[in-house]
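S.K.: With the input below, show me the fold.
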Amino acid sequence: MFRLCDMFVVPAGCDGKKKLAALLANQLPTHVLELPSHKDSERSRQLWLDEIKVLKFEIERLTRNRISRRSLLEAVNLSRRRTEVARRLLEIRRNNPCPISGRDALLVFQASFVDDVERWIERVEELCEELESTSNRMNGKRILLTGSPILFPGFKLLNIIEEAGATVVADELCGGTQRLYNPIVIDEKTEEAILAAIAERYLLPCTCPCFIGSDDRIDRLLELAEAFRIDGVIHHTQRLCQLFDIECVTVENVFKRKGIPFLNIYSDLSLEDEGQIKTRVEAFLEMISSRRGSGATVT
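M.R.: Numbering: from 1, shown residues only. This next block holds a predicted model:
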């Protein structure tokens, strides 16, 4: 039987992912990464570093190749190059009007999940050069998209927003720009220090609501709203995604106090609710046009 991979690695950020790991284990070897409940304690960071070390051992055992200090440094340097070009594309999206649609931008970022890293860097550099010289611009209201993951090809909500005339100029999605935004910062070049830097990069900047007592996601949303001069926020709440569902109220209240229009969309992976979502998004954009800056909220 043809296999696309030899092992699944599942970060257990919620009950759904834990159950997913159990189901995947019936198909292929599956390694579960146990996330700490907090990010800001020394104990949590050490627990996460231990998880990274165990993952390294499992990969070495599976591939029968040792992951050396030199190979770690090469991978870190490659990762930093990818972050640099990702930030370049993100900076281009700050232009008003924006030269690239949110659908295209998110597809570019998600291509990094599966593409060869060197090739992805080269192609995105070419894209950035093209966008920096183009006269084509995406007009319409500037939207910040956040909430539950939106992964290709399930771009239903993105399609509806941009076909209604708005542009998603920024996102705070775990499968979007946030994933590539932060570089790995190394203080020392020992193997222990490199692994610690890798562990820190994938824990501290993470804005997933699975962590207790962290305001990082709110801070990041407010930072994006200001930097990208957004006109409104659309929160995507996947059905049965309890973490984002619970936190949505907090996010809504933050933007309401800031006077920034906010819309929460409950949806699933089907196309049955397209008409309803389209109506609500169009009404939201019309409300922004007529009451811009009033802090109106559509629920």
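
S.K.: How about the residue positioned nearest the centre of the chain: what's its closest non-neighbour residue?
M.R.: The centroid of the chain falls nearest to residue 174 when counting by C-alpha atoms, centre = their mean (2.5 Å). Distances taken as C-beta to C-beta, 6 or more residues apart in numbering put residue 149 closest to residue 174, at 5.4 Å, once the chain neighbours are dropped. In short, each C-beta sits where N, CA and C put it, glycine included.

S.K.: give the contact list for the one you found.
M.R.: Counting by C-beta atoms under 8 Å, 6 or more residues apart in numbering, residue 149 touches 173, 174, 175, 238.

S.K.: can you give me the strands in the stretch 1-150 of the chain?
M.R.: Using DSSP state E, counting those that start in this stretch, the strands of the stretch 1-150 of the chain run over residues 8-11, 30-33, 142-147.

S.K.: where does the stretch 101-250 of the chain have low pLDDT?
M.R.: For the stretch 101-250 of the chain, no stretch has pLDDT under 70.

S.K.: so what's the residue nearest to residue 195 when sequence neighbours are not counted up against?
M.R.: Distances taken as C-beta to C-beta, 6+ apart put residue 52 closest to residue 195, at 5.8 Å, once the chain neighbours are dropped. Applying C-beta under 8 Å, 6+ apart to residue 52 gives the contacts 195, 198, 199, 202.

S.K.: Just the buried positions in the strand or helix carrying the second one, please.
M.R.: Assignment of secondary structure by DSSP states H and E places residue 198 within helix 191-203. By 16 or more other C-beta atoms under 10 Å, the buried positions in helix 191-203 come out as 191, 194, 195, 196, 197, 198, 199, 200, 201, 202, 203.

S.K.: Using CSV, write down the CA coordinates of it.
M.R.: Below are the C-alpha coordinates for helix 191-203, written out as CSV (Å, rounded to 0.1, in the frame of the first residue of the first chain):
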residue,chain,number,x,y,z
GLU,A,191,22.8,20.8,20.9
GLU,A,192,21.0,21.4,24.2
ALA,A,193,20.7,25.2,23.4
ILE,A,194,19.5,24.6,19.9
LEU,A,195,16.8,22.2,21.1
ALA,A,196,15.8,24.6,23.8
ALA,A,197,15.5,27.4,21.2
ILE,A,198,13.4,25.2,18.9
ALA,A,199,11.1,24.3,21.8
GLU,A,200,10.8,27.9,22.9
ARG,A,201,9.9,29.0,19.4
TYR,A,202,7.0,26.5,19.1
LEU,A,203,5.6,27.2,22.6
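
S.K.: count of neighbours near the nearest residue to residue 205 once chain neighbours are set aside?
M.R.: Closest residue to residue 205 apart from its sequence neighbours, by C-beta to C-beta, 6+ apart: residue 182 at 4.1 Å. Neighbour count for residue 182, taken as other C-beta atoms under 10 Å: 16.

S.K.: How about the one 4 residues further on?
M.R.: Counted with other C-beta under 10 Å, the neighbours of residue 186 add up to 18.

S.K.: For it, list the residues it contacts.
M.R.: With C-beta under 8 Å, 6+ apart, residue 186 has these contacts: 73, 76, 193, 194, 197.

S.K.: okay, those in CSV with distance to residue 223 next?
M.R.: Formatted as CSV, these follow (distance: C-beta to C-beta, whole Å):
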residue, distance to residue 223
73, 30
76, 25
193, 29
194, 28
197, 23
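
S.K.: For this structure, which segments are assigned as helices?
M.R.: Assigned by DSSP state H, the chain shows helices spanning 15-24, 42-63, 69-92, 102-111, 117-133, 156-163, 178-181, 191-203, 216-227, 242-258, 274-290.

S.K.: angle of the last one against strand 142-147?
M.R.: Which is helix 274-290. Here helix 274-290 runs at an angle of 130 degrees relative to strand 142-147 (axes from the mean of the first three to the mean of the last three C-alpha atoms, to 10 degrees).

S.K.: Next: the longest one.
M.R.: Angular relation of helix 69-92 and strand 142-147 on a 0 to 180 degree scale: 140 degrees, by the same axes, to 10 degrees.
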